[in-house]
Each structure stands twice: as structure tokens, then as C-alpha cells.
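> here is a sequence with its predicted model. Questions after.
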Amino acid sequence: MPILWLFVLVLALGLIGFVLGRMRALKDAHGDIRQLHSLPNYYGANVLFATLIPGFAVMVIWLIAQPMVIQSQVTSLIPERAYTDAGSLNLVMSDVRRVAEGLDVAVAEGAMTHEQARDIRSEFTDVRARLGAVGVALGSNVEPYVLQAAQKYRTLSNGGLWLMTALVLGAAVLGFVLSYLRTNKEQRSRNSVERVVLALLIGAASIAILTTLGIVLSLFSNTIEFFKLYPAKDFFFGLTWSPSFGGGSELGILPLFWGTFYISFIALAVAVPIGLFAAVYLSEYAGPKVRAIAKPLLEVLAGIPTIVYGLFALLTVGPLLVNLFGDGGALGVDWMKGGTAVMTAGLVMGVMLIPFVSSLSDDIINAVPQAMRDGSLGLGATKSETVKQVILPAALPGIVGAILLAASRAIGETMIVVLGAGAAARLSANPFEAMTTVTAKIVSQLTGDADFSSPEALVAFALGMTLFVITLALNIFALYIVRKYREQYD
Amino acid sequence: MSDMTANTQPTPQKSTSSLYDETKRTKRRNQSEVRFKAYGVAAIAVGLFFLIALLVAIFSNGIPAFKQTFITIPVELTESALDKTGNRDVAEMSKVSTFGYKPVVTNALVTALKDAGIAIPFKKEKDVEKLLSSSVAAQVRDTVLADPSLVGTSVEFRLLASSRVDGYFKGRVTRDALIRDKNLDAEHLDIADAMAKAGLMATTFNADFIFGSDASESRPEQAGIGVSMMGSLFMMIVVLLLSLPIGVATSIYLEEFAPQNRFTDLIEVNISNLAAVPSIVFGILGLAVFIQFVHLPQSAPLVGGLVLTLMTLPTIIISTRASLKAVPPSIRDAALGVGASKMQSVFHHVLPLAMPGILTGTIIGLAQALGETAPLLLIGMVGFIASNMPDGIASGFLDPNSAMPAQIYEWAKRADPAYYERAWGGIIILLLFLMTMNIIAVILRRRFERRW
């Protein structure tokens, strides 16, 4: 693993620099630390940073750039008849990489010499058999141009590796020497070290932005790709969802939307009344003892992973509902065919959201000023009248915000619907039928060894984009409401 | 005053009722008060009821997974079948596949039954082998290959019973259900009952469930969660190593150094939005960026760890900022007053004081990440059998592995109900981990949190 070794080498160089730089500064001050501008360690750290930063910077840039350069060099060797579009070019390129790796393995195991690996010709040798002998299985016989490209790939990446090693070490040594020579007792090394640390802090803070950017870019580029293959109008307004990897699939999002919103609606219908009443009781009626026990217990529900709720829906709630509403069930109605249904997923998701609604509403109700309660009670209102006529109206915007946040949770929830809601996409009003959601379909379209250039796999990114936009809009709106409301009483 | 001089005292209106009597209206108001309060109690009761129902479902269904039915019989390791040449050469003996061992084990079972005086009601005696798991031949073979000198002797083996027999002892499989089942007949259960009575078969604690590896779809009795536990462990190492430094650095910047400007606002908005992005979207990000773009290996704990890091960061940042905020400004002022730089005051004084709060937040973030499933589905940590323990650190990070929640999902997807029991059992283990982490967080908070 030469890159790892290079990394360790640069790191070691930096540490040596730390020790030497510190010593040089102390020597310059004749061992009297009072004559130094900064504490001795800062001089060491200065050399350390001056070594590591150029070294690692060159390494990172090279590692990003090298595959691109090699890709374009090698692609030119592949005749145009071998591929029709970017997708099949990628397939050829992965063949090339496999063969190149195979040659590497063969050389490493001693089955071939470097010269043989470089000059071998598929016209004369059965490359597949020779690579198979060292344990590299290839799918088909190696075309001459693939072998050539692979050999070019090998030479380029080997050469690149050496060049990179040289450049990285060069940059590190240069930084080391320059900063070491500049070290003296007057040097304001603390200031420069602190500048580097601040830059690191800013860099860490930017990761949040990079993550959002990564999400948006990866969703957006693949969505565009999808809309090239499948008309956007049919996606957004299509009434059927029937993907088939053979082609000719209909990918309308409306049935998925219907399932998503139906399930979320049931979940909220369960969670909002229960959560809200629980919050009102806990903040207005309950004594400190009841509160100290009931609140953490309710919040345990929020700490349970969603896979547990999913299993609960699939194996406990589903069969229970079938026993009630199914054929020959306790209620004597035949509404439910199987355990997975909108009702199953909705109920369980509602349970999951209870603590979410209750703790958010609890905060908001507590933020209503005590003076308003006192005023209402002083006028002779009962406690419940105070709650209904004073506190809830005052807290309403915040509670609406909390419900919107819960709705965005419900829409984005995956495991409960994957396990509890079923897989069939349909537009039906019966809550005891199996339906499916956007998130469940993202999972089913992207798991397995799907070919990422087919519309059936790419549709998952379009679904993800839609989901991202909806939840983001809901969140921003909800946070806006909550924040605006908070300002009123602060 | 005028009232007194005028001496026209207004006659007090005669109240028709005392304040102590309930009028109709008061009664109604009081009733609605009682009702309202009852709704609140009912809501909490319903919430707690669901919690209890959930826990009861988990434990009643999951506890049996920790027990397994074993058959303990002596197996005669006949030389003629296992080592024809007789020179105990391991290379030569490994040519005998599990098919060669199967009759040996079956014969041992038949002999043991006869010795115990249990009648075999089948035409072909060989049919009793359905009592045994299909993994037993491999188990015996591994033992023999590890110690060739055992050949020719009789060794007592503790063999797994098949999952149907196991289910019978746990109450999962009933005799009625076996009528349509071609894997086991009711007669087998008679033998099993007799064997249990004779002490040849017993249901005992099964450590392999906790430490073992996953097994193929047809052998639920052999499956364990150990390998995916290692996968989760390696993922958590990645999450801890990345999210703690990055989260703390971000919080320090935002709390202590960031000027009020557009860039800072942008970061803040991004963090609060990332906290609310559905977890599945992070999975898509991982798939598109780490696997498709950077070409990291699929299903590797490293990739899972990276994705979960991005997911956990907002949690850690929010709690770290809260604990940095809780450090009083007088500490910073004092440090600056004796000549420390801003950076020194933060790193030498504020950060150590905020550390307990930061660690608490980190542990809670890790607990969240440990239970997260959806993103792992997209980066391919399901759909295969996690049967190999990672050998070494690099392989732990890079080789395909599952993770605990992904393994539970995988089991829940399999058709055999015996796997449902495993899934519930896996949940018990997962919840134990989460509970431990949360308790540590609470203890840390109680013990080290300082009120200023």
C-alpha cells in the first residue's frame, strides 16, 4: 500500500520537523524561553504544518487528477466501434481496469515478469487463462484493444505513482527546509500556527455546506440524466408505477405520492391528538413527580431505532389488524387481505411520532408566559378553559410548526414503510390495502446490482430529489413559523 | 361619601344561590374540566401502553433466539469413511467433502437412538437425519480436520437440531402445522420428545447467536449476529474518529470565532437543514458520491461509517455548541486577561470545561447512528450473507460486511419464520447496546456536568 506508506513518511517528516524546529528556536534564544516570541511548541508546530500542508495538498490534488488524466488517455485507445454511448464506454473501462488489476496480481504473484505484463499480446497468448491461473476471473476473452488499454493504464498509473511520490516528498521537504531555516527567536510563530488552526476550523465548518452541495449535486445530476431517458411530464403526472428492468416501464410518481401522504396522514392522525394532549397534561396538570417519570418514558419511544418499529409493524401490528379486520376476523368484516397495509404502517409511524409531537409542543406550551395563565385563571376560567382559550391559541403557530416537522419526518420515514406498508403501488382509498411510498421505492430501485444507467435505477434519484425538496420546504416553513412565534414572547 | 350622606344604600341583589351550590353552568364547566384532564391522562396512558406493547413484543418474541436445541450424541468417526488411506494426512482427508461425513453422523444418530431404546418409525432409518441441522456434517468435518488423530475414535458431539425441531421445543412449530411440511414429519417430533426425555436433546443457551456469523436462508438455526456486530463496531469507529473532531471544530468556529456574516449564516442554515433531511437521502448521497464517484468498495463499513458521520454531525454540533455556550464568559475573560490568545483561551480553558457535555452529545449521536438502517440499504449492506469475520483491521474497514440493523432487516425479509425469531433477538442485542450508551451518557452528564 504505497500511498499509506507515503502518508506515514510525510507524517514522520513532519514530526521530525516539530522536534528540530523547537530545538532550533530554543538554541537561538540560548535556552532562555523568555527571549522567544512564542512558546517553544509553536515553533515546532510551525515547521510541522509547513511540512504536512504542502505534502498532503500535492497528494490530494494528484489523487483526484490522476484518474481523470488516465481515463482520458486510455479512452483514446479504445476504438469507437466498441461502444455506443457513455454507459457502454464505462463498461469497457471497467473491463480495462479489471485486466490491469489482473496483470498487477499476476506480476505480484510471480506468474509474469514486468516485461511480459507490458508486452503480452492477446493475439498470441490466452490472457484470460493466464490471469485465471492466478485467481483473477474475467467474464469474457480479452479483446486486443482492451489489453492494450490495460497495459497503457498500468504504465500510466505506475509512472504516476512514482511521480506523485517524488512530488509529494519534494513539496514536504521544501516546506520543511524553508520553515526550518526561517525559525528564529523573533519569528511570530504563534500567530501563524493560530492562523492555520483557524483555517482548519473554517474547513471543518464548511463540511456542512459541502454535504448539502453533495446531496444536491448527486441528486440533481442523476435526475437530469433520468429526465433525458424518461419524460418529466410522465414522471410527475403518470398514474401507474410499474418498473420492469427489461424496458417499457411506466414510472408515474402519483401512486407513490398517494401512498406517502395517506400513510403520513394516518400517522399524524394518531400522533397529533395523543402527543398534544400528553404535552398539555404534562405541562399544565402533572405534578413534578409524574412529569419526571412520564416524560422520559415517552421519550424512550423516540430513541428506539426505526427498524424496530418496522419489525413491530410487520410481525405484530399487521397480523393483529388482520385478525380484527381480515377475512373471518373478530369484527366480521373482510377489509384486509394481508398484514402489510397503509393502516399498519400509519399506526406504527404514529406511535413513533408521539414523543416527537409531545416534546416539541411541550417546549412551546412552556414558552407561553405565566402571566397569561394567571390572567385567565384570575378571571375565573377553569384550567381547561385557560388551556383551550388562552394557551393553545397563543401557542398555535408553534404547534403548527411542530406538526409540520412531524409531517416531514413521516414523509421521509423509510424502514417502517419498507417493512409494513407493502410493495404494490396503487391508488386506492381503502386504508387496509397495501400501498407503497416514495422512500420504499427508492430502496427497492437502488438495492441489488442494478445498472445505474437504466431509467429504472435512475428514477430513484428523481424520487429522492422530490423527497428532498418536499421535506426541505416543510422544514424551512416550520422553522420559520416556530422562530417567528418565539420572538413574540422573548 | 355621597352614598353615606344620601343614605340611600342600594339594596344588595338577592342571590338566588350560594357560591357553594353548583349551578348547572358551573357543573358543566367542572365536568368539562374533568373530561379534559382525563383526555390528557388517557393520551399518556396510550403512549405508555404502546411502549409496553413494543417492549413485550420484542422480549416475548426475541428471548427464544438466545436458546437453541442441541442433540448430544457420540459419533463414531470410522476410518474407512473419513480416511481411506489411514495415514492421517490432512491434505488427503480434506478431499472427503461434507457428503462423506453425512452418513457418519446419520449412523451415529441411528445408533444413539437404538441405544436409548427409541423406536424409529420410518421405513428408511436414514430419515431421522431430518432432526439434525444440515450444518452438522460441516461441523464434524471441521473438528476432524483440525485434529486428525480423532479418526477411529468415538467423540461426543453437540450438534444443532434442525430449525423445525428447535421451533417445536420453543412452541413455534405445532404438530398440525407439520402436515403440509415436507421438512419434518410428526413422527420426528415423537422421536424428539423421546430424545429429550432420554437427555439426548436439550434446549440450552446459544452463544453462537451472539458471536456467530450469518447463515444461508435454509439454516436459520445456525445464524448469528456476531459478524454484523463487528461491522457495526468498525462503522462506529469511523463515525467517532471523524464526527467528533469535525463536529467539535465546527462548533468552536461557530461559537467562538465566526463573525456575523453571510458565510456564517449559510453554515448555520445548512446544519439545521441537514439535521432534518430524511436519512434515506444520505444513503443516496453515499451511493452517488462514495461508491459511484470515488469508487470505494460497496458494502464496506468504511462507506457506511462515512455516510453515518455526515448524518451524525448535526447532532454532535448542536450539543457541542450548547455546552460551549454554557461555559461562562468570565472564564474566557480571565484567560484573555492573563495574556492568553483567543485560541489559547478556547483550547486550554473553554474546551476542557465543555468536554463532558460534548462527550454526552457524541455518545447520543453514536447511539442514533448505530440504530440507523435506511442509508445502509442503499450502500449495499444487505442482500448477502455476512459469514466471514474480518481478519485484521484493513479488512474490517474495507471488506463487505453487514451491520446490526441491516442484519435484522435482512432476517426480517427472509421467508422462514425461524428468522423472525432471530430478528427479534437481534433487536434485543441492539437495544442493549443503545441502552448502555444512553446510560453512560446520563451518568457522564450527572457526574461531570457543572452548573455555573
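Now that the structure is in, tell me what you want to look at.

> buried sites along stretch B:376-390?
B:376-382, B:386, B:390 (16 or more other Cβ atoms under 10 Å in any protein chain shown). Placement of C-beta: from N, CA and C, glycine included.

> considering only these, which also neighbour chain A?
For chain A, the contacts drawn from those by Cβ under 8 Å from any Cβ of the partner chain are B:377-378, B:380, B:382.

> residues near residue A:3, how many?
Number of residues near residue A:3 (other Cβ atoms under 10 Å in any protein chain shown) recorded here: 14.

> same question for the one 5 residues further on.
Using other Cβ under 10 Å as the criterion, residue A:8 is surrounded by 11 other residues.

> hang on, it is in a helix, isn't it?
Yes. Under DSSP: H, G, I helix; E, B strand; the rest coil, residue A:8 falls within a helix.

> need the per-residue pLDDT for it.
For residue A:8, the model assigns a pLDDT of 91.

> quick one, what contacts it?
Applying Cβ atoms under 8 Å, 6 or more residues apart in numbering or on different chains to residue A:8 gives no contacts.

> residue B:349 too?
With contact taken as Cβ under 8 Å, 6+ apart, residue B:349 is in contact with B:331-332, B:334-335, B:340.

> try 10 Å this time
Counting by Cβ atoms under 10 Å, 6 or more residues apart in numbering or on different chains, residue B:349 touches B:327, B:331-332, B:334-336, B:340.

> just the buried subset of those residues, please.
Buried members of these, counted by 16+ other Cβ under 10 Å: B:327, B:332, B:335, B:340.

> per-domain residue ranges of chain A.
Domains of chain A are assigned by automatic domain parsing as A:2-187, A:241-489.

> thinking again about what came up before, mind putting the contacts of residue B:349 into JSON lines with pLDDT?
What follows is the contacts of residue B:349, written out as JSON lines (pLDDT from 0 to 100):
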{"residue": "B:327", "pLDDT": "92"}
{"residue": "B:331", "pLDDT": "93"}
{"residue": "B:332", "pLDDT": "94"}
{"residue": "B:334", "pLDDT": "95"}
{"residue": "B:335", "pLDDT": "95"}
{"residue": "B:336", "pLDDT": "95"}
{"residue": "B:340", "pLDDT": "92"}
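
> domain parsing for chain B?
B:68-205, B:226-448.

> any idea which of the ones you listed is most buried?
Most buried of those, by mean neighbour count (mean count of other Cβ atoms under 10 Å in any protein chain shown): domain B:226-448, with a mean of 20.

> mind checking the end-to-end distance for that one?
In domain B:226-448, first residue to last residue: 34 Å (Cα to Cα, to the nearest Å).

> in the stretch 1-150 of chain B, what residue lies closest to chain A?
The minimum distance from the stretch 1-150 of chain B to chain A, using Cβ to the nearest Cβ, falls at residue B:40 (2.7 Å).

> skipping its backbone neighbours, what lies nearest that residue in space?
residue A:281 (2.7 Å; Cβ to Cβ, 6 or more residues apart in numbering or on different chains).

> angles on the backbone of the one you found, please.
Note on residue A:281: backbone dihedrals following degrees, to the nearest 10 are phi -60, psi -50.

> ok, how many other residues are close to it?
By other Cβ under 10 Å, the residues close to residue A:281 number 25.

> just the ones of the buried ones among the contacts of residue B:349 in helices?
Counting by DSSP state H, the buried ones among the contacts of residue B:349 place B:332, B:335 in helices.

> what's the closest of the buried ones among the contacts of residue B:349 to residue A:216?
Closest approach to residue A:216 among the buried ones among the contacts of residue B:349 (Cβ to Cβ): residue B:327, at 35.4 Å.

> ok, now which ones touch that closest one?
Contacts for residue B:327 (Cβ under 10 Å, 6+ apart) come out as B:255, B:346, B:349-354, B:357, B:450, B:452.

> check which element follows the helix or strand hosting residue A:154 along the chain.
Residue A:154 is part of helix A:144-182, with elements assigned from DSSP states H and E. Proceeding N to C from helix A:144-182, the next assigned helix or strand is helix A:189-229, under DSSP H and E.

> pull out the buried positions in the next helix or strand after that next one.
For helix A:189-229, the following helix or strand on the C-terminal side (DSSP H and E) is helix A:232-237. Neighbour counts over helix A:232-237 (16+ other Cβ under 10 Å) mark residue A:235 as buried.

> from the chain's centre, how far out does helix A:232-237 sit?
Chain-centre distance of helix A:232-237: 26 Å, with Cα atoms, centre = their mean, to the nearest Å.

> how about residues contacting it?
With Cβ under 10 Å, 6+ apart as the test, helix A:232-237 has contacts from A:223, A:226-227, A:231, A:240, A:250-254, A:257, A:455, A:459, A:462-463, A:466.

> mind running it again at 8 Å?
Under the contact criterion Cβ under 8 Å, 6+ apart, helix A:232-237 has outside partners A:226-227, A:250-254, A:459, A:462.

> among those, name the least confidently predicted one.
Ranking those by pLDDT, residue A:250 lands last with 84.

> ok, that one - contacts?
So residue A:250 contacts A:234, A:238, A:240-243 (Cβ under 8 Å, 6+ apart).

> which one of those residues sits in the busiest neighbourhood?
Going by other Cβ under 10 Å, residue A:241 tops the contacts of residue A:250 with 21 neighbours.
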